[in-house]
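*Asks:* Provided below for reference: sequence and predicted model.
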Amino acid sequence: MFSHINKYTKENIIIIGLVITLIIAIFLRFKGLNFQSYWFDELISVTFSKPSNSFSHMYNQTVSDVHPPLYQIILWSWYHVFGFNEF
């Protein structure tokens, strides 16, 4: 029985290492994410994309901006799906 586990581990050592690295990276990325508040440019994005704004209102605010409105549309959608918070 253990010979199958050893064989699988030897054949897939790179994949196992990548999965472990990915899990550690995700943990380190999200650890303490909500300890800092928004920066100035993030506050502008939040102001445009807050879920209390209608889609047309958000789009009309950002269409005249220097940057294309795709990011604001994605952020507005994200807030509607996952909630309006810093995390």
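*Replies:* Yes, it's here.

*Asks:* From Asp65, how far out is Lys10?
*Replies:* With distances taken as CB to CB, to the nearest Å, Lys10 is found 55 Å from Asp65. To be clear about C-beta, it is placed using only N, CA and C from the backbone, and glycine gets the same treatment.

*Asks:* So the two - more neighbours on which side?
*Replies:* Counted by other CB atoms under 10 Å, Lys10 and Asp65 do not tie: Asp65 has more neighbours, with 12 against 8.

*Asks:* Give me the pLDDT value at that one.
*Replies:* pLDDT, Asp65: 77.

*Asks:* Give the next helix or strand downstream of the longest helix that the chain contains.
*Replies:* In the chain, assigned by DSSP state H, the helix with the most residues is helix 13-30. Beyond helix 13-30 on the C-terminal side, the first helix or strand identified by DSSP states H and E is helix 40-49.

*Asks:* Below-threshold pLDDT in the chain: ranges please.
*Replies:* In the predicted model, the chain carries pLDDT under 70 at residues 1-3, 33-36, 38, 86-87.

*Asks:* and Trp39, how many neighbours?
*Replies:* Neighbours around Trp39, by other CB under 10 Å: 9.

*Asks:* what does Met58 give?
*Replies:* Neighbours of Met58 (other CB under 10 Å): 21.

*Asks:* Please apply the same query to Leu75.
*Replies:* 19.

*Asks:* so it touches Ser45, yeah?
*Replies:* Yes. At 5.9 Å, Leu75 counts as touching Ser45 under the criterion of CB atoms under 8 Å.

*Asks:* Alpha carbons only: can I get the longest helix of the chain in PDB?
*Replies:* Provided in PDB are the C-alpha atoms of helix 13-30 (Å, rounded to 0.1, in the frame of the first residue of the first chain):
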ATOM      1  CA  ILE A  13       7.000  15.800  -6.700                       C
ATOM      2  CA  ILE A  14       7.000  19.000  -8.800                       C
ATOM      3  CA  ILE A  15       3.200  19.300  -8.700                       C
ATOM      4  CA  ILE A  16       3.000  18.600  -5.000                       C
ATOM      5  CA  GLY A  17       5.700  21.200  -4.400                       C
ATOM      6  CA  LEU A  18       3.800  23.800  -6.500                       C
ATOM      7  CA  VAL A  19       0.600  23.100  -4.700                       C
ATOM      8  CA  ILE A  20       2.300  23.500  -1.300                       C
ATOM      9  CA  THR A  21       3.900  26.700  -2.400                       C
ATOM     10  CA  LEU A  22       0.600  28.000  -3.700                       C
ATOM     11  CA  ILE A  23      -1.100  27.300  -0.400                       C
ATOM     12  CA  ILE A  24       1.600  29.100   1.500                       C
ATOM     13  CA  ALA A  25       1.500  32.100  -0.900                       C
ATOM     14  CA  ILE A  26      -2.200  32.400  -0.600                       C
ATOM     15  CA  PHE A  27      -2.000  32.400   3.200                       C
ATOM     16  CA  LEU A  28       0.800  35.000   3.200                       C
ATOM     17  CA  ARG A  29      -1.100  37.200   0.700                       C
ATOM     18  CA  PHE A  30      -4.300  37.400   2.600                       C
END
